[in-house]
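Peer 1: A structural model of the following input is requested.
(4 chains)
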Protein chains: 4
Amino acid sequence: MSALFLTAALLGNFSTRAQNANLPVTPQEIARDALASAQAGAAIVHIHVRDPATELPSMDTALYREVVDRIRDKNDDLIINLTTGNGGRYDPSAADPAIAGPKTNLLMPDDRVQHILAIRPDIATLDLNTMVFGEEVVINTLPSIRRMGTLIQEAGVRPEIELFDSGDVAILNTLMAEAFFKEPPLCSIVTGVRFGFVPLPETLLYARGLLPRNAIWTGFGTGAMAFPMVAQSALLGGNIRIGMEDAIWLSKGVKAPSNRAMVEKAARIVDELGFDLETPRQVRTRLGL
Amino acid sequence: MSALFLTAALLGNFSTRAQNANLPVTPQEIARDALASAQAGAAIVHIHVRDPATELPSMDTALYREVVDRIRDKNDDLIINLTTGNGGRYDPSAADPAIAGPKTNLLMPDDRVQHILAIRPDIATLDLNTMVFGEEVVINTLPSIRRMGTLIQEAGVRPEIELFDSGDVAILNTLMAEAFFKEPPLCSIVTGVRFGFVPLPETLLYARGLLPRNAIWTGFGTGAMAFPMVAQSALLGGNIRIGMEDAIWLSKGVKAPSNRAMVEKAARIVDELGFDLETPRQVRTRLGL
Amino acid sequence: MSALFLTAALLGNFSTRAQNANLPVTPQEIARDALASAQAGAAIVHIHVRDPATELPSMDTALYREVVDRIRDKNDDLIINLTTGNGGRYDPSAADPAIAGPKTNLLMPDDRVQHILAIRPDIATLDLNTMVFGEEVVINTLPSIRRMGTLIQEAGVRPEIELFDSGDVAILNTLMAEAFFKEPPLCSIVTGVRFGFVPLPETLLYARGLLPRNAIWTGFGTGAMAFPMVAQSALLGGNIRIGMEDAIWLSKGVKAPSNRAMVEKAARIVDELGFDLETPRQVRTRLGL
Amino acid sequence: MSALFLTAALLGNFSTRAQNANLPVTPQEIARDALASAQAGAAIVHIHVRDPATELPSMDTALYREVVDRIRDKNDDLIINLTTGNGGRYDPSAADPAIAGPKTNLLMPDDRVQHILAIRPDIATLDLNTMVFGEEVVINTLPSIRRMGTLIQEAGVRPEIELFDSGDVAILNTLMAEAFFKEPPLCSIVTGVRFGFVPLPETLLYARGLLPRNAIWTGFGTGAMAFPMVAQSALLGGNIRIGMEDAIWLSKGVKAPSNRAMVEKAARIVDELGFDLETPRQVRTRLGL
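Peer 2: Residues are numbered from 1 along each chain as shown, chains lettered A, B, ... in the order given. Take a look at the predicted model:
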């Protein structure tokens, strides 16, 4: 058994306070949860921001900056990972699918990473998925992926490559063959987002086999599969991720009282399976951050 | 070892006469290749049509009807499978991804199946994929899949469900749970289309494990993996598919002289592995056509 | 997520008090650990006995009877599973491998199950393995397996079929095809015994795929892989087993203070992954005991 | 697609002329079949000998020498691989399993390799299996494996390590960790011998994953699975083996007219799948023979 790192995914775009009143929403709350997650064993915090007034997803650099500053006031080591996931949805309108419907939020690649260029966090996610998402779709074209990846890497930020299905791994491997990404690639195998990778043990096993051999990867699941996938990823040699972005429940019928409680539980699971959690410093060394 | 059926995929949308001069393009040529493939062992022919003048993909019902009539003049048994794949491409324009660029060809679901409703072939494909495709994307939303599937089934036509990645299997399973599709589902595991399922043995094994238990499935690959995937699908209990839609080569350095030659080769491979090819009549019985 | 049962394997043949002073050895200690394990969540206890004087493995029916009586004095529900593993070792002598060397303990099949016929516990293990074991080998021939299985089943005892490698599953499937075993078969996938199944996630996945479809199975590992395999078996839909037969450590550097502590830890792991432990009554219903 | 080599396994110990009258039995016939197999594409011939009078397996060095000399008279390049499989059976007698019964043929390790030391062929097989075999068992203890392996390697002969189940791969990996075998290890994954590896695609995939990363391996099957496993091994990146040791049928209902015909068929299958057969010279370079 060896060491692995834990990423706390604090809120995401889709969880709501109606689902779990303990969801952090303001920069202050998000920073508070980040610091508490670090104390509980997280080496990395994955962060989205919300408009504090509406509680809806936001891409406001000022909000991201406030979160980051509040974390850095207290903790220099914790690795900060900001999302670039917003701005990829296309809603084919009912009367003509070639005309964007009201739920479309597609943005230019440069606009999706402006907060990354401004803030230069340790890590920024880079989504490779094009997939059905609810009644709409999420689109990440190759030109867009290349542009975002270039901007992220030129800013000295490490992309974490989000893989939602096996075709995304094929994109990754194509880009690796072009030496597009810095080695070793940092990846997530995202399971349980409909309709992408199915959250099963065999999925992580299959996907792991497709990854570049030197990939540093995290497998995770959503909803009821969040904690099972913590164990499964560790058992297969991966790193782990947990938090209110992925699930609102701590256990059957019990809403998570905090991100910290979720991190504590995930840390306990992997500890009981014999794994050690890496500190932010150890992860910085491993990733060359 | 048991029996399996062979689908001849005669031309598709993307192969060109510049790549292989033997590609059938006119209704006459397509029907000729269909009949020859049947003689060589194909139980099913999967058909696209082209505008004879431009050789570009067409959705003209008259062209489909001419192909079907020419086949039926000579062969009542051969199972005819018409594509509904056209009309799913979205090209986010360079200046604003929410505005359709020039390669967009997205159509309303009803328009994509008009030839099916008019002709009522034995089988019509139903693509479940939303994925990167070249610099663009292919989109098949859930509402569109449901509408097309409903129209196809109401016309008494059997949908063949095309699965390009594991998330498509998740869509299939969701629809099966709603009893949307007639049992048993008829499926294809499409490998080798970038960026979908990777054409590897482990892909067919993994994807097979995700299918509904009673699924009747065909695994196939493209390009250099077309004949290897014929063997692999058979070895894993699947049916097989071959033809100029999937590959232009008969073997390394040798362009396929005809669809018939490709069917003959695939038939020989599975025969040498101990499998029997089912006749169209046997397949009609198995599928309840 | 669903329910599963936990078997406590209390001592085995090979663990020693030199390794862990808390190993139960006398009938009184074994019964005490069985009852404590039941309180901590075990539905089944798997039992070997030792000569209290020498602490070496014994097949003495009186010792087995004392253990069973001591358990039944306090607990009518707990499912009792007695080993039949002793008596399978062959030590080819150095000068002539066809002559049994000093470590040989091969017994006639009838002698290996005499305590089962006398006591009629709920379950008796039936080892299907023939394999290298240290410098010697363990032998279970087909005639011996058949004889032992017949005697066990005729005594109204349920065999738990121990599978140490994939060939043992092939033996199981051969015997199932003869309707030799009562349906559904109760099996263990034993990993980590050198040189049998390797204790890896892919091993349980592969072995699960070979089992009869209706098999009720438990996957487990030994040593450092004991707790990881608890999680892995649960995640793959299996039942779980833990105890001092399989490992002497509770965690890295910490010797297990008791079987109960090991059962508590395994119960906690599967609880945190969302599984419920079945009670002995529930398992009796499921197995038809 | 890449290149692979083909081993012709000409007769083995168990096929009989009653099963297939074309089985080579005399040194002259065996050499004839070896040379014909080479012409048909085999780079390696795997050889057992029989007593010409009784047609029963023999370990007579003179017979082996005659076969080798007859091959070398005509062909200097063909790689010669001699078995050391004889002498591993133990038949526990009905009255006392610790006493050897009449079918026992266990030999001292030195006696099992005497023909190898005398003749020094290119390759000698080294069986790692301990398993049920019919009503008896085959035994290869660790001390015996070590002794045979040492003698084979000290004679300058390359061992081909025969893996009959996953526990044998665990033995291999243990010995590799001791640097016992020359790198890279040359291995066979033997499927279809009851009761060892089950002849399924997933078996080769699973076993491949257990092998040392640099292993040069051949997967094969027996009986009706002989030709399917030729394709499967090639598709998974392995080398191939065929011949009357593994099957007596060329196809359903057709007895193999010769080893050459079997080699031709296997060569045709892998050619149709896009693989090139390596010549003996190429294999000698790859293996450092």
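Peer 1: which one of the residues in chain A is closest to chain C?
Peer 2: Chain A approaches chain C most closely through A:Ala231 (4.6 Å), counting by C-beta to the nearest C-beta. In this view, the C-beta of every residue, glycine as well, is placed from N, C-alpha and C.
Peer 1: right, and the helix or strand after the host helix or strand of that residue?
Peer 2: Assigned by DSSP states H and E, A:Ala231 belongs to helix A:226-235. Sequence-wise, the next helix or strand downstream of helix A:226-235 (DSSP H and E) is strand A:240-242.
Peer 1: list the neighbouring strands of that following strand plus their orientation.
Peer 2: When pairing is defined by DSSP bridges, strand A:240-242 lines up against strand A:6-9 (parallel).
Peer 1: what is the helix or strand following the strand it pairs with packed up against?
Peer 2: Scanning forward in sequence from strand A:6-9 by DSSP H and E, the next helix or strand is helix A:27-39. Counting contacts by 3 or more C-beta pairs under 8 Å, 6 or more residues apart in numbering or on different chains; DSSP states H and E, helix A:27-39 is packed against strand A:6-9, strand A:44-47, helix A:61-74, helix A:259-272.
Peer 1: in CSV: those, plus mean neighbour count.
Peer 2: Output for the helices and strands packed on helix A:27-39, formatted as CSV (neighbours: other C-beta atoms under 10 Å in any protein chain shown):
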stretch, mean neighbour count
strand A:6-9, 29
strand A:44-47, 30
helix A:61-74, 18
helix A:259-272, 22
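Peer 1: which of these sits closest to B:Ser251?
Peer 2: For B:Ser251, the closest of the helices and strands packed on helix A:27-39 is strand A:6-9, at 48.2 Å, according to C-beta to C-beta.
Peer 1: which residues does A:Glu187 bridge with?
Peer 2: Glu isn't right for residue A:187; it's Cys. Bridge pairing for A:Cys187 (DSSP bridges) gives the partners A:Ile161, A:Trp217.
Peer 1: for it, what are its contacts?
Peer 2: Neighbouring residues of A:Cys187 by C-beta atoms under 8 Å, 6 or more residues apart in numbering or on different chains: A:160-163, A:172, A:211, A:215-218.
Peer 1: could these go into TSV alongside distance to B:Ala42?
Peer 2: Listed next are the contacts of A:Cys187 as TSV, based on distance: C-beta to C-beta, whole Å:
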residue	distance to B:Ala42
A:Glu160	47
A:Ile161	41
A:Glu162	41
A:Leu163	37
A:Leu172	37
A:Leu211	38
A:Ala215	41
A:Ile216	47
A:Trp217	42
A:Thr218	46
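Peer 1: among these, which ones are buried?
Peer 2: Buried by 16 or more other C-beta atoms under 10 Å in any protein chain shown: A:160-163, A:172, A:211, A:215-218, out of the contacts of A:Cys187.
Peer 1: what residues are up against the residue sitting nearest the centre point of chain A?
Peer 2: In chain A, the residue lying closest to the centroid (C-alpha atoms, centre = their mean) is A:His46, at 5.6 Å. Going by C-beta under 8 Å, 6+ apart, A:His46 touches A:7-10, A:81-83, A:125, A:241, A:243, A:245.
Peer 1: count the residues that sit near the closest residue to A:Ala266 other than its chain neighbours.
Peer 2: Spatially, and ignoring its direct neighbours in sequence, A:Ala266 is nearest to A:Ile242 (4.1 Å; C-beta to C-beta, 6 or more residues apart in numbering or on different chains). By other C-beta atoms under 10 Å in any protein chain shown, 29 other residues sit near A:Ile242.
Peer 1: quick one, what contacts A:Ile242?
Peer 2: By C-beta under 8 Å, 6+ apart, A:Ile242 lies in contact with A:6-9, A:220, A:226-227, A:230, A:262-263, A:265-266.
Peer 1: give me that answer again for 6 Å
Peer 2: With contacts defined as C-beta atoms under 6 Å, 6 or more residues apart in numbering or on different chains, A:Ile242 is in contact with A:230, A:262, A:266.
Peer 1: do A:Val198 as well
Peer 2: A:Val198 neighbours (C-beta under 6 Å, 6+ apart): B:Ala170.
Peer 1: the closest residue to chain D within chain A: neighbour count?
Peer 2: Nearest residue of chain A to chain D: A:Gly209, at 8.2 Å (C-beta to the nearest C-beta). When neighbours are counted by other C-beta under 10 Å, A:Gly209 registers 16.
Peer 1: quick one, the helix or strand hosting it and helix D:201-210 angle?
Peer 2: Take DSSP H and E as the rule and A:Gly209 turns out to sit in helix A:201-210. Counting by axes from the mean of the first three to the mean of the last three C-alpha atoms, to 10 degrees, helix A:201-210 lies at 60 degrees to helix D:201-210.
Peer 1: angle of helix A:201-210 against helix C:226-235?
Peer 2: Using the same axes, to 10 degrees, the direction of helix A:201-210 lies 110 degrees away from that of helix C:226-235.
Peer 1: average model confidence for helix A:201-210?
Peer 2: Averaged across helix A:201-210, pLDDT comes to 98.
Peer 1: interface residues of chain A facing chain B?
Peer 2: Counting by C-beta under 6 Å from any C-beta of the partner chain, chain A comes close to chain B at A:92, A:97-98, A:100, A:104, A:106, A:130-132, A:135, A:137, A:139, A:141-143, A:165-167, A:170-171, A:195-196, A:198, A:206.
Peer 1: switch the cut-off to 7 Å
Peer 2: Selection of chain A residues close to chain B by C-beta under 7 Å from any C-beta of the partner chain yields A:90, A:92, A:97-98, A:100, A:104, A:106, A:108, A:130-132, A:135-137, A:139, A:141-143, A:165-167, A:170-171, A:194-198, A:202, A:206, A:209-210.
Peer 1: just the buried ones from the residues you listed?
Peer 2: A:90, A:92, A:97-98, A:100, A:104, A:106, A:108, A:130-132, A:136-137, A:139, A:141-142, A:165-167, A:170-171, A:195-198, A:202, A:206, A:209-210.
Peer 1: show me those that map onto helices.
Peer 2: If you go by DSSP state H, these have A:142, A:166-167, A:170-171, A:202, A:206, A:209-210 in helices.
Peer 1: rewinding a little: contact partners for the residue of chain A closest to chain D?
Peer 2: Shown in contact with A:Gly209 (C-beta atoms under 7 Å, 6 or more residues apart in numbering or on different chains): B:Glu202.
Peer 1: this completes my enquiry, with thanks.
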